[in-house]
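1. What follows is a predicted protein model with its sequence.
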Amino acid sequence: MLLAIDCGNTNTVFSVWDGERFLCTLRTSTEHQRTADQYYVWLSTLLTHHKIPMDINAVIISTTVPRVVFNLRVLSDRYFNCRPLVVGKPECALPMPPRVDEGTQVGPDRLVNTAGAFERYGGDLIVVDFGTATTFDVVAEDGAYVGGVIAPGVNLSLQALHEAAAALPHVDVTKPAKVIGTNTVACMQSGVFWGYVGLVRGICDQIKAEYHRPMRIISTGGLAPLFGQGDTLFDHFDEFLTIHGLRIIYDFNRALGNS
Ligand SMILES: Nc1ncnc2c1ncn2[C@@H]1O[C@H](COP(=O)(O)OP(=O)(O)O)[C@@H](O)[C@H]1O
Ligand SMILES: CC(C)(COP(=O)(O)O)[C@@H](O)C(=O)NCCC(=O)O
Ligand SMILES: [K+]
């Protein structure tokens, strides 16, 4: 079985693929200090809880935090007796190489989203991933990542308001019923939520104008559901896009004999 690990700046998702489907998806906070032994205790406890056998014999990792790779490599080696494929490393091939400025290190999560989205939806896409940062990935007709946009994440924006202004509390993001807030918390939530709706719509419109071809918009990431309910921002919401992309890249490398 394949263990797919998607490590973002805030959360790390582990998912087990049995050759036909993902059996479970487990989430933990991203901490680069966490050791292989700690990962294993957590993982084996939850897999036992879900009655999933521990017969993992392949691992693929995508991470936006380079420092976590060491301990995840040890986890794969010590407990699953395999060498993991790490997206972005030379030994991990991509179905289609990105077309960006020379020397640019594209976030592995964005390359994985691109591969997953192209396989599911075809080309000419904008993938919007609401993680720590909100990223917009442009997927060309042939499935190549050809650039995009990086905007501050939703929670980062709320946190920045709280940290910079003495009178503003820490608040959680929600969709406010009205735009005009009648208390401080409602005003902050309105600013961030409706500000974000405008940001997403504006950026997607401008990308489409620059791209000169019809495009579809796919949303994913922890906070995507907040923006995907009952409005017209996205053509599809795909909660498991990154995990799906990891599986696609793993299969591609296996077919090449890389894993
Ligand atoms: N179900 C949820 N409800 C509310 N906030 C969430 C949920 N899932 C994730 N988040 C928050 O959304 C943000 C992005 O999460 P995530 O997609 O896991 O980010 P990353 O991939 O960068 O680690 C984080 O601030 C996280 O705390
Ligand atoms: C933009 C990101 C920080 C997003 O990370 P995330 O929100 O998923 O934790 C990550 O994709 C990254 O570090 N990218 C490197 C620069 C680039 O993609 O161009
Ligand atoms: K992201």
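-> Sure, I can see it. Ligands and ions are numbered 1, 2, ... in the order given.
2. Tell me the spacing between residue 181 and residue 237.
-> According to CB to CB, to the nearest Å, residue 181 and residue 237 sit 27 Å apart. For every residue, glycine as well, the C-beta is placed using N, CA and C.
3. So for these two, which residue has more residues nearby?
-> Taking neighbours as other CB atoms under 10 Å, residue 181 and residue 237 compare with residue 237 leading, 18 against 15.
4. Next, residue 62: phi, psi?
-> Per-residue torsions, residue 62: phi -120, psi 130 (degrees, to the nearest 10).
5. so what's it bridging to?
-> residue 6 (DSSP bridges).
6. got the buried residues for the biggest helix by length in the chain?
-> Secondary structure of the chain per DSSP state H: the longest helix is helix 184-211. Buried residues in helix 184-211, counted by 16 or more other CB atoms under 10 Å: 186-193, 196, 199-200, 203-204, 207-208.
7. do the same with stretch 208-222
-> Under the neighbour-count criterion of 16+ other CB under 10 Å, stretch 208-222 has 208, 215-222 buried.
8. Is there any residue in that stretch that contacts ligand 1?
-> Yes: judged by CB under 6 Å from any ligand atom, stretch 208-222 and ligand 1 are in contact via 221-222.
9. Establish whether that stretch and ligand 2 are in contact.
-> No: using CB under 6 Å from any ligand atom, stretch 208-222 stays clear of ligand 2, with a minimum separation of 7.1 Å.
10. Can you report phi and psi for the residue in the stretch 151-259 of the chain positioned nearest to ligand 2?
-> Among the residues of the stretch 151-259 of the chain, residue 153 lies closest to ligand 2, at 6.1 Å counting by CB to the nearest ligand atom. When read as degrees, to the nearest 10, the backbone of residue 153 gives phi -70, psi 160.
11. List the contacts of it.
-> With contact set as CB atoms under 8 Å, 6 or more residues apart in numbering, residue 153 has these partners: 130-134, 223.
12. now swap in residue 207 and tell me
-> Going by CB under 8 Å, 6+ apart, residue 207 touches 126, 136, 138, 148-149, 215.
13. Report pLDDT for it.
-> You'll see residue 207 listed with a pLDDT of 98.
14. which residue sits closest to the residue in the chain positioned nearest to ligand 2 in space, ignoring its chain neighbours?
-> Nearest residue of the chain to ligand 2: residue 107, at 2.1 Å (CB to the nearest ligand atom). In space, and not counting its chain neighbours, residue 107 is closest to residue 64: 5.3 Å by CB to CB, 6 or more residues apart in numbering.
15. next one: phi and psi at the one you found?
-> Main-chain torsions, residue 64, degrees, to the nearest 10: phi -90, psi 0.
16. Please apply the same query to residue 16.
-> phi -110, psi 130.
17. Against ligand 1, how distant is it?
-> Counting by CB to the nearest ligand atom, to the nearest Å, the gap from residue 16 to ligand 1 is 18 Å.
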